[in-house]
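>>> predicted model and sequence follow; I will ask about them next.
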Amino acid sequence: MKSIMKLIIADTYEDLSRMAADNVLQLVKSIEHPLICTASGDSPAGLYRELVDRGAHKQLDIDPLHFVGLDEWVGMDGNDEGSCRYHLNQQLFYPLKVQEEKICFFNGRAKDLNVECEKVETFIQQHGGIDIAIVGLGLNGHVGMNEPGTPQTIRSHVADIDPLTQQVGQKYFTKKQPLSHGITLGLATIMEARSIFLLVSGSHKAAIVQKILNEEVSGELPAILLRQHPSLMVYLDKEAAALIKPF
């Protein structure tokens, strides 16, 4: 399938973050009560800094916004330093003073993780679906905690974490953590978002970016499936875009 997406290549990570923020603001202004899906990680962090700055300068109205988290490590919640919720609290929710009732996030410490999945899916439905899904890209092509080979029809679920993801994930913690499982929005849920923003930065992501953008669409690498979305925006800095071929 021919790629149906908008590709933005920025000179620097700061430019990438600024352009993504501009487009987020443009979209949310046209939606009465936007629901934004937020990923943690290094690539979206600059976008969140930009959104916080826009909020401080009254360029972003926080009141209509609702948020749903993309994923969380099983066994963790926002009180665990290094967890997905912890990072988003520090980078986005606390600085913007987002009210807790406007945030729905997986609790990886919940006794029944299947109920957590149902809770998040219900929140999304009650708010009319995800308007903007902000996602990053794993070194093995994962999106959220949907690892290679994840069925594209799956909704929110508990995932077995690939050894490479477990290894990379340790960078968010001061002490080694067991990262064998995660709880995540499924590929079907992500693909139902009205717009998807895929943010990728750094030369260490160049090889997987090349695969995601230039190889044939298949179910093996989850991020390739995003190319089938009718409103995909891919933001790369020059380092991440270094190996891609012209379209």
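Received it, and whenever you're ready, just let me know what you need. Numbers count the residues shown, from 1 in each chain.
>>> host element of residue 88?
Using DSSP states H and E, residue 88 sits in helix 84-88.
>>> any residues touching that helix, and which ones?
Helix 84-88 is contacted by residues 38-41, 45, 48, 69-73, 76-80, 105-106, 172 when judged by Cβ atoms under 8 Å, 6 or more residues apart in numbering. (C-beta placed from N, C-alpha, C; glycine too.)
>>> now, these that are in strands?
38, 69, 71, 72, 73 (DSSP state E).
>>> what about residue 110, neighbour count?
By other Cβ atoms under 10 Å, 16 other residues sit near residue 110.
>>> same check, this time on residue 195
So residue 195, with other Cβ under 10 Å, has 19 neighbours.
>>> contacts only, for the closest residue to it other than its chain neighbours.
The shortest distance from residue 195 to any residue other than its chain neighbours is 4.5 Å, reached at residue 231 (Cβ to Cβ, 6 or more residues apart in numbering). Residue 231 is in contact with 194, 195, 196, counting by Cβ under 8 Å, 6+ apart.
>>> so where's this structure uncertain?
1-4, 247 (pLDDT under 70).
>>> in it, which spans are helices?
Assigned by DSSP state H, the chain shows helices spanning 13-28, 42-56, 84-88, 94-96, 113-126, 163-169, 187-191, 206-214.
>>> closest to residue 146 out of the ones you listed?
Closest approach to residue 146 among the helices of the chain (Cβ to Cβ): helix 187-191, 5.3 Å.
>>> so how far is residue 91 from residue 124?
22 Å (Cβ to Cβ, to the nearest Å).
>>> how far off centre is stretch 184-193?
Taking Cα atoms, centre = their mean, to the nearest Å, one finds the center of stretch 184-193 at 11 Å from the center of the full chain.
>>> you'd agree residue 21 is up against residue 45?
No: using Cβ atoms under 8 Å, residue 21 is not in contact with residue 45, being 11.9 Å away.
>>> find the residues that touch each one of the two.
With Cβ under 8 Å, 6+ apart, residue 21 and residue 45 have no common neighbours.
>>> filter the contacts of helix 84-88 to the buried ones?
Neighbour-count burial (16 or more other Cβ atoms under 10 Å) applied to those gives 38-41, 45, 48, 69-73, 76-78, 80, 105-106, 172.
>>> tell me the contacts of residue 224?
141, 211, 212, 215, 217, 218.
>>> hmm, try it at 7 Å
141, 212, 215, 217, 218 (Cβ atoms under 7 Å, 6 or more residues apart in numbering).
>>> which one of those sits closest to residue 184?
residue 141 (14.5 Å).
>>> and the gap between residue 140 and residue 73?
Using Cβ to Cβ, residue 140 is found at 17 Å from residue 73.
>>> what number of residues lie near residue 97?
Residues near residue 97, counting by other Cβ under 10 Å, number 8.
>>> and what of the one 10 residues further on?
Neighbour count of residue 107, defined by other Cβ under 10 Å: 19.
>>> related to what we said a few turns ago, out of the ones in strands among the contacts of helix 84-88, who's nearest residue 227?
residue 71 (20.9 Å).
>>> residue 121 against residue 154, yeah?
No: counting by Cβ atoms under 7 Å, residue 121 does not reach residue 154; the two are 11.6 Å apart.
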